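Chemist: Need coordinates for the below:
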Amino acid sequence: MKQAFLFVFLILTTGALAADQPAHALFAREFQECPECPVMVGIPAGKFVMGSSPGEPGRFDSEGPQHVVTVKAFALAKYDVSSDEFLAFLRATGYRPKPCNAILDLGWRSPGRGLAYAPRDQEPPRWPAVCLDWKDAHAYADWINARARAAHPELGSRSPYRLPSEAEGEYAARGGTATSRWWGEAIGTNNANCNGCGSPYDKKLLAPVDAFAANPFGLYGMLGNAWEWVEDCWHDSYRNAPGDGGVWSGGDCSRHVLRGGSWDT
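Modeler: Numbering: from 1, shown residues only. Purely as a prediction, here's the structure:
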């Protein structure tokens, strides 16, 4: 199903993150493997409690039961994939996403000849790329993998970039904290873009990908502003969820999981 107001973000699992590197070095590690590749941030391995407690305000039944997950070190894109980055992909490939709203014919356009257009006229280049479905996210990741292989022939046929698992996404969003949000239990003021987050963008429009402070892992936009696709198939709850941080297949694979919230939720 095509969803509106979504963006893709990428994960990199790579041997470049040395197993003997101390955790504090991974927190600060940033790298970019090719001009089109996202800036990546090293995330240290760790263990966390995934899900929300039964008494947490705003909780959905699908957010439990809470369970302990162990995550291996990985790297995640520092920012959401932006509109200008997604337009570069469309211009280079001619890929044509389906409209996210067929009635309004709202969507990305790539008529060929190196031309591409965002869903909104004069769309800010640093908005997150939205109005995209899970297949579009995969198409973008495939292109990033091709550009990385071109820049680094030693990769061979490997494709190191992919969507994160839901567990990896939550672990990264929490940033090593155990509160409801990485900045604390309360929504507070001007920490993110959402309905009631106290920012100038609340329930009005998207914000630039770097509009708010980074979390303790150095990642931007992990909560609010635009929903995030992850790799997992949909399950009604976390019963029997994997504890190794891996992608959870099975379930309803005609649907996939969204994380992070948006500007109007």
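
Chemist: now the strands for the stretch 151-265 of the chain?
Modeler: 161-162, 227-234, 252-259 (DSSP state E, counting those that start in this stretch).

Chemist: could those strands be laid out in CSV, adding mean neighbour count, mean pLDDT and distance to S199?
Modeler: (C-beta placed from N, C-alpha, C; glycine too.) CSV is the format used below for the strands of the stretch 151-265 of the chain (neighbours: other CB atoms under 10 Å; pLDDT from 0 to 100; distance: least, CB to CB, whole Å):
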stretch, mean neighbour count, mean pLDDT, distance to S199
strand 161-162, 22, 95, 30
strand 227-234, 22, 95, 17
strand 252-259, 15, 94, 20
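
Chemist: With distance to V81 added, can I get these in CSV?
Modeler: Formatted as CSV, the strands of the stretch 151-265 of the chain follow (distance: least, CB to CB, whole Å):
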stretch, distance to V81
strand 161-162, 11
strand 227-234, 10
strand 252-259, 15
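
Chemist: Those strands: which one's closest to P111?
Modeler: Across the strands of the stretch 151-265 of the chain, P111 has its closest neighbour in strand 227-234 (25.3 Å, CB to CB).

Chemist: what are the ranges of the helices in the stretch 1-150 of the chain?
Modeler: 23-28, 83-93, 134-151 (DSSP state H, counting those that start in this stretch).

Chemist: now the ones you listed as JSON lines including distance to F74?
Modeler: Formatted as JSON lines, the helices of the stretch 1-150 of the chain follow (distance: least, CB to CB, whole Å):
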{"stretch": "helix 23-28", "distance to F74": "10"}
{"stretch": "helix 83-93", "distance to F74": "20"}
{"stretch": "helix 134-151", "distance to F74": "14"}
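
Chemist: Out of the ones you listed, which gets nearest to A102?
Modeler: helix 134-151 (14.9 Å).
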